[in-house]
Structure formats: C-alpha cells, structure tokens
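[1] Model the following, please.
(one chain, ligands or ions: 2)
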Amino acid sequence: MVVVFEATHEQLTAKYPAEVNERYPKGRKPWISSIEQYKTMYDQSINDPDTFWKERADELVEFFSPYHTVSSGTIDKGDIRWFDGGKINVSYNCVDRWAKKTPDAVAIIFEADEPGQAKYITYKELLDMVSKAAGTLRSFGLKKGDTVAIYMPMVPEAAVSMLACSRLGLVHNVVFAGFSANSLAERVNDSKATVVITADQGLRGGKVIQTKAIVDEALKSCPGVKNVLVFKRTGAQVNFQEGRDVWWDDALNQQTEFVEPVHVESEDPLFILYTSGSTGKPKGLVHTTAGYLLGAAMTSRYTFDLAQGDVFCCSADVGWITGHTYGVYGPLSLGVTTVIFESLPSYPDASRFWQTVDTHKITQFYTAPTAIRALRRLGDQFVTSNDLSTLRVIGSVGEPINPEAWCWYRTVVGKDSVSVVDTYWQTENGSHLLTPMPFATTTKPGSATFPMFGIVPAILDANSGEELTSTTAKGVLCIKRPWPSIARTILGDHQRYLATYMHAYKGYYFTGDGVLRDEEGYYWIGGRVDDVINVSGHRMSTAEIESAIIENEAVAESAVVGVSDDITGQTICAFVLLQSGLKESDEIKKSIIATVRAEIGPIATPKYLIILDDLPKTRSGKIIRRVLRKVAAGEEDQLGDLSTMSDPSILAGIVSKVHSAF
Ligand code: ATP
Ligand code: MG
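    Numbers count the residues shown, from 1 in each chain. Ligands and ions are numbered 1, 2, ... in the order given. Alright, predicted model coming up:
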C-alpha cells in the first residue's frame, strides 16, 4: 500500500506564519524579515517608483555607463522603456563580477542524468567558458542584434551559450529540446536565427534523445542557418556537415583571446522566448536587457531569500521562462550556486529530486505543481528516505497549486520547517508578479498571496471591464502599470502584443487569468479566464473545483472543463487521475462526487466524471484544458495547435473514454 500524506481540513485552511527557525543560517538575516518591512518597501515601489528602482538597480546590477531615465512609456501605448541611456552587459553582471569577487565559489552544479556523476563549475571557470563560447560565436561573423537559436539538453553548456550570446549583444532564442523538428524549424525561421547551438544527443531518464538528428531534419527547411555548434554530450556518432557544423570543444579550445563584454543599450533585446502554448499557438515574446536583468535579480533575492553561499535548484528546463530567470540569470546575477538538473523527478526512481537536494545540500528548491502532484501520487517513502534539512524555502510555479498538494509539499518535503512560496507569473512578465516573502508573509495553501514590489494588481469585471475596488473581489487579473521585466513586444507582431495584453482592457495589462481576492487581500489564481465555468449563472473557476476533487484520498490529479448544457448553460465535466495502484469503481466515483458536494456544494457537482490514465499536458507540464474542452464538446476534429502537447498519443484513449461516458 502506498502511503500518501493527506492534509486535514485544519491544515488545508490554516494560515502558516513565516518564521525563522533553527534551519536558518546563524549570523544571517532574511532580506525581508517582517510583513511591515515588505509593506514599507511595497509602498515605496508604488508611491515613488523611480527612487525605488534606482535603489534596487544600485544594489543589484552594474551599468558601464549610467542611464538618464528610470522609466518611460505606458501600457496603453505599449512603448515601455526602462533605464534608458544606460550601457550594460548581462554576462558581465552574472559572471565577471563574481569571477573577480569570489572566483572559487561554485556557479553551477550539474546534476547529470545518471546519478553520481555531478560536475562543479566555479565562477572563474564559468567566465573562461563564456568568454571562449563568445569568441566562437564571434568567429561565425555574428554581431550585436543577430539571433542564435539554442536547442540543448539541460547541461551547463546551455547556460554558457545563453551567457555567451548576452556577452556579444546577440539575441538568444532557446527552444525546449523536446520539441519536434517542425516546431524547431518554425521557431528558428520566425526568429531569423543564423546559428544553432545544440548537442549530439540528449539523455533524459536513461533515454537517449537524437538531438542533432532533429536539428538536421529541422534545418532542411531553415535556409538562413549558416552554422551549427555541436556540444558532445554522449560522444555518439552523429551526422556532421562539414563547413556548417562545428564541434563545441574544438572551437572553444581554439579561443586564446579573452572576449570583453559588449556594452549594449538597456533596451537592446536580450532574448526571444515562446510561451508554453496552453491556450493556443505560442507567442514569441521579446525581453530586453537591463529591466529584465534587474527583475530577475530582485525577485530571486526576495522571493527565495537568496544570498551568496546558498545552493539554489530550479528544476524547470532552460527552454521555459522559469529556467531562464530562475535557473540561469537570477541566481547567477546574485553570485549564488545554481543546480542544473538534467534528469527526471522519476529517474531512476521517485526519490531523485530529494536525493539531489540531499547530495548537494540545496537550500532553496523550485518546481512545478505537476511534479509535486505526480510525486505525491507515488508515495511519501521516496521523500522521507533522504535528509532534506538544508531546505529553507521551497517554491511552486506554473499552474495553480491545489491546497492538498501544497500541504504535502510543506509537510512531507519541508517537514513543516520551510517556507512555501507559490509564485504566480508568466513568460510575458519576465519575473514574479505575486508571491509570498518567505520570512515575512503568512501563507495560505493555494494562494500566491501578495504582489511583488512594483506590481499593482487590479481585478476587473470580465464583462464590463470595470475595476472592482472592494477588498473581496472576483474577476480577471490585470496589472495597472509597467514593471522593468515586462516583455516589450511579440516578435514581428507588435499589433498582436497590443491586442492581446495591452488593449483587452484599456489602460491595463491583461494576464488572461481569473483571480479571487479574499477578505484579507490575498490573491487566489483560479486558472485561465477561458476556463471559467458558468453553471446556472454561478461562475466557478476550474482551480476551485479541481482542488476540491483532489482532496478525495483516491485522487492524484484532476482537470475540469465546462460543457454546454441546454438547461444550465454549462455543466461540469471532471477528468480524474487516481492515486497509483487504485482501480476505477463506482464506489470511488461516488466518493469523489461526495467530496466535491461537501467542499463546495451541490452546484459544483460534476455531471460527468471520467477517470483517465493520463491528462493532456504541454511540454512544460501544464494541463491543456482546451483539448479536454474540445473532446468533451465532441469537437475532437478541431483541436487546434498540438505542437506543444507532450504526448499526443494519449488523445485516442481520452476520446474513446469520453464517447462512452456521454
Ligand atoms: P500560452 O500563453 O501559450 O497559452 P502559458 O500561459 O501556459 O501558455 P506560460 O507563460 O509558461 O505559458 O505560463 C503562464 C501561465 O501559467 C499563467 O498565465 C497562469 O495561468 C499559469 N501560472 C503560472 N504560475 C502560476 C501560479 N503560481 N498559480 C497559478 N497559475 C500559474
Ligand atoms: Mg499565457
């Protein structure tokens, strides 16, 4: 029998005061140690933003020449600029500064796919690698403003490639190395990349991925690509096109000259990155240099209470924004050690994350609800067999985290001695929008609590667009003014940027997410606005119903969608994954329905309850409800863009289950 911790009603509804306990290092103080300090800083960030951001910039980043204007532009016009006139370089801030100050501090720990093969790279070594990689890119004739596509496994060389691009003012476009040749080709062409950095093969969960072969296939339709830089991950024999392809090691070893960081403008683009594609065709967002870097540094410091000496592990792939901001740029800009995790949480067994924490004495750990739910499903023994007492802050990002999963994370992983930070943000935002301060904010399971400095949230009525100013409010989440790390445009389509984010509600940045603000001002993300379900005039969020379902002890994961209904407008269709080892039965279904009725009320009773073996997810691990919605509506021939779905082969099974249920 699998033992899984079940939270009690008291735990699920409790408030968890922030506390500094015996795990906190002696002689150190949290960056934010009381809610009053948070409020004072937050108020300054809103009432006197230019002073606030100037002070943060002075503390956290180094400019080669000073900016003349802290910020300009508006959401309405979509012409946002930060630190205009300044000259800066991201790789200098993330590497050179620390290579001078603390050359022997570890910058990157590489936790390779096979356990026990970790590698350590100091800041001094990282600088050498970045300089040589930059020299190599320069030898291809690339110059400031050119784009480089990066299609790499989770190896340190992926981060080195990103930093090398930033060193020369090149724009990187990291494409998650799980994407097909087609999707890669589309992104390479869309961004006009002329160089691709890749590896011979990738390793994930003991499986070999033919990375270079996928690149070769993609490049058949990318005439603009002149060079491919190939890192040897496994050393396997792969196709090598003379004249176009160059081996990473050979090229870097030829570089004898130190490459100085190029002084770029604050508003020069740093990277392009596509969204996860949960709601449709991914959007290629453009992030610029100084504002993004400051957003990454500031939020990394405050959300995770990071300081030099800490060992931070963000399990997200560098192919996603979380991997960019919290795997690479944030921790390195603070001189912290970052762990690059190549493997899967389930390889060789479900204790891999926790073994990694134990081995490297990780102090802050950051992952996604999908991983937390999957690991909870497999049982507590995988966690408890490791020493996790170095952990102080554990974070979640990517989807709403159900209170049940939140409590499991805090109690089983954190032994009730850590702070849990549920961080809400998007690719478009560059860095956190809503998050607790780990040693200041009293948390509630499932709430991302309060805004980050400089963020002014607003809740709008979805239909009228009117701002709801009462403390308790439910509607769509918008942000009222620009912050430094907001994306500046959608690549090649500024009109779509304006239409999607800036003009949906005049004067507000529109997130597309539904939100509730409770009587104490806490924010609760309810999922995508499109996913709100309206039953007989009662508007319910998918997150709310899913969280009730997952409270049933048989349930591991759930996705809820609305289907149209002649009488009630919409009815609820719930898809459920059971805990490992359980079999579908009428008894289990009845008990799940009873849980929902008890938790929310009869109005939330699912009319259809369908037990599945798998849920459709994006390659970044998020549930794609639009696919389930289409299947439930009998429109499985109109599923739209499925390139971002991690395993389309599960669709047939879902369709047949739905057909027999309806
Ligand atoms: P696309 O925009 O292509 O549909 P996506 O929105 O999933 O894909 P991302 O930018 O990776 O792409 O994800 C941002 C979204 O993830 C948010 O809009 C929100 O819906 C969800 N999200 C992220 N963090 C949280 C969180 N802590 N709580 C609730 N939802 C979250
Ligand atoms: Mg989105």
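[2] separation between A462 and ligand 1?
    15 Å (CB to the nearest ligand atom, to the nearest Å). In short, each C-beta sits where N, CA and C put it, glycine included.
[3] can you check V596 too?
    20 Å.
[4] swap in I593?
    For I593, the distance to ligand 1 - CB to the nearest ligand atom - is 25 Å.
[5] List the contacts of that residue.
    T605, P606, L609 (CB atoms under 8 Å, 6 or more residues apart in numbering).
[6] Packing partners of the helix or strand of the chain with the lowest mean pLDDT?
    The least trusted helix or strand in the chain, going by mean pLDDT, DSSP states H and E, turns out to be strand 538-540, with a mean of 88. Packing partners of strand 538-540 (3 or more CB pairs under 8 Å, 6 or more residues apart in numbering; DSSP states H and E): strand 533-535.
[7] which residues touch the strand it packs on?
    539-542, 545, 560-562, 568-572, 603-604.
[8] In strands only, show me those residues.
    R539, M540, V560, V561, G562, G569, Q570, T571, I572 (DSSP state E).
[9] Check the protein for me, the residue farthest from its geometric middle.
    Ranked by distance from the centre of the chain (CA atoms, centre = their mean), the top residue is I567, with 39.6 Å.
[10] Tell me the pLDDT of it.
    With respect to pLDDT, I567 scores 90.
[11] And for M1?
    66.
[12] D641 now?
    So D641 comes in at 87 (pLDDT).
[13] for it, what are its contacts?
    With CB under 8 Å, 6+ apart, D641 has these contacts: G277, G280, K281, P282.
[14] Check for me that the last one belongs to a strand.
    No - according to DSSP: H, G, I helix; E, B strand; the rest coil, P282 belongs to no strand; its state is coil.
[15] can you give me phi and psi for it?
    phi -60, psi 150 (degrees, to the nearest 10).
[16] hang on, isn't it packed against T275?
    Yes - P282 is within contact range of T275, at 4.8 Å (criterion: CB atoms under 8 Å).
[17] give me the number of residues near the residue of the stretch 51-200 of the chain found nearest ligand 1?
    Going by CB to the nearest ligand atom, ligand 1 is nearest to F176 of the stretch 51-200 of the chain, at 10.8 Å. Residues lying near F176 (other CB atoms under 10 Å) number 22.
[18] With adjacent residues omitted, what lies nearest to it?
    Distances taken as CB to CB, 6 or more residues apart in numbering put G319 closest to F176, at 2.7 Å, once the chain neighbours are dropped.
[19] what's near enough to touch the one you found?
    If you count contacts by CB under 8 Å, 6+ apart, then G319 has V174, V175, F176, A177, G178, F179, R619, S620 around it.
[20] Mind checking what secondary structure the fourth one has?
    Same thing as A177. Per three-state DSSP, A177 ends up coil.
[21] re the thing from before, the contacts of D641 also near ligand 1: which ones?
    G277, G280, P282 (CB under 6 Å from any ligand atom).
[22] wouldn't the second one be in contact with L639 here?
    Which is G280. No - at 10.8 Å, G280 does not count as touching L639 under the criterion of CB under 8 Å.
[23] Which positions within the least confident helix or strand of the chain qualify as buried?
    M540 (16 or more other CB atoms under 10 Å).
[24] Quick check: can you name the pairing partners of it and their directions?
    If you go by DSSP bridges, strand 538-540 pairs up with strand 533-535 (antiparallel).
[25] now the strand it pairs with, how far from the centre of its chain.
    Averaging C-alpha positions (CA atoms, centre = their mean, to the nearest Å) puts strand 533-535 29 Å from its chain's average.
[26] With stretch 416-426 instead?
    That offset, for stretch 416-426, works out to 13 Å (CA atoms, centre = their mean).
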